[in-house]
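[1] Predicted model follows, preceded by the sequence.
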Amino acid sequence: IKHPLQFTWTLWYLEPDRSKSWEETLNEVTSFSTVEDFWSLYNHIKLPSEVKVGSDYSLFKQGIKPMWEDVQNKRGGRWVISINKQQRPEILDKYWLDTILCLIGEAFEASDEICGAVVNVRPKGDKISIWTSNSQNRNAILEIGKIYKERLGLSPKTSINYQIHKDTMVKSSSNVKSTYTL
Ligand SMILES: CN(C)c1nc(=O)c2c([nH]1)N([C@@H]1O[C@H](COP(=O)(O)OP(=O)(O)O)[C@@H](O)[C@H]1O)CN2C
């Protein structure tokens, strides 16, 4: 038998297309709930470093849309890691895989707070984030951030920021207020 995951996860792909609204560019790819089905999907699709610049992959718990407005996201925020262009070749794909393995492998105590993860492939520099559902739940957010940094093997001098979606929505992603920094 296949090895079941604790949750069912849905992969989304955002294809940049200026002729469409943002929501129209979001495509639901497929869902999986076993380790084996995850790996066959992962080995079947392009890596973040191979997709068109401007694209996103999002991996969210089934039923949660990868957008601020979803009821599970609207009061939440995200731990964001910025990857500069020089770093892309070697760490973008590694960090993305580490991130999704943290999610599907239940690396976080506060796994109920976890909504999903997003990788933004951008010309100005890539971002990988983990979205949580309640920006007021300080203890859970700090625990998730601490474990996330460890799992990625980030050095203590590399900081990650937690941004509340309400702050991100009103600002372009460059100068968003960070509520927590680890
Ligand atoms: C329902 N709805 C419209 C809506 N709902 C959303 O949830 C949502 C958006 N719109 N997003 C739009 O993409 C732009 C780039 O953000 P980016 O995160 O790709 O980051 P960059 O600025 O391209 O680095 C955002 O400025 C926003 O326009 C982003 N986003 C998450």
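    Cool, the structure landed.

[2] contacts, neighbours, all on C-alpha from now
    Will do.

[3] From the contact counts, what lies against the top helix by length along the chain?
    With secondary structure taken from DSSP state H, the chain has its longest helix at helix 88-104. Judged by 3 or more C-alpha pairs under 8 Å, 6 or more residues apart in numbering; DSSP states H and E, the packing partners of helix 88-104 are strand 4-14, strand 114-120, strand 126-132, helix 138-152.

[4] among those, which is nearest Gln87?
    Checking the helices and strands packed on helix 88-104 against Gln87 by C-alpha to C-alpha gives strand 126-132 as the closest, at 9.4 Å.

[5] quick one, phi psi at the residue in the chain positioned nearest to the ligand?
    Per C-alpha to the nearest ligand atom, the residue of the chain with the smallest distance to the ligand is Met67, at 3.1 Å. Here is the backbone geometry of Met67 (degrees, to the nearest 10): phi -150, psi 150.

[6] residues contacting the spatially closest residue to it that is not a sequence neighbour?
    Spatial nearest neighbour of Met67, chain neighbours left out: Asn73 (7.1 Å); criterion: C-alpha to C-alpha, 6 or more residues apart in numbering. By C-alpha atoms under 8 Å, 6 or more residues apart in numbering, the contact list for Asn73 reads Ile64, Met67, Cys115, Trp131, Thr132, Ser133, Asn134, His165.

[7] same check, this time on Thr30
    Counting by C-alpha under 8 Å, 6+ apart, Thr30 touches Thr10, Leu11, Trp12.

[8] circling back to that earlier point, list the contacts of the longest helix of the chain.
    By C-alpha under 8 Å, 6+ apart, the residues outside helix 88-104 that reach it are 5-7, 9, 47-49, 59, 83, 108, 114, 116-117, 119, 125-126, 128, 130, 148, 151-152.

[9] quick one on the thing from earlier: neighbours of the residue of the chain closest to the ligand, how many?
    Met67 has 16 neighbouring residues, counting by other C-alpha atoms under 10 Å.
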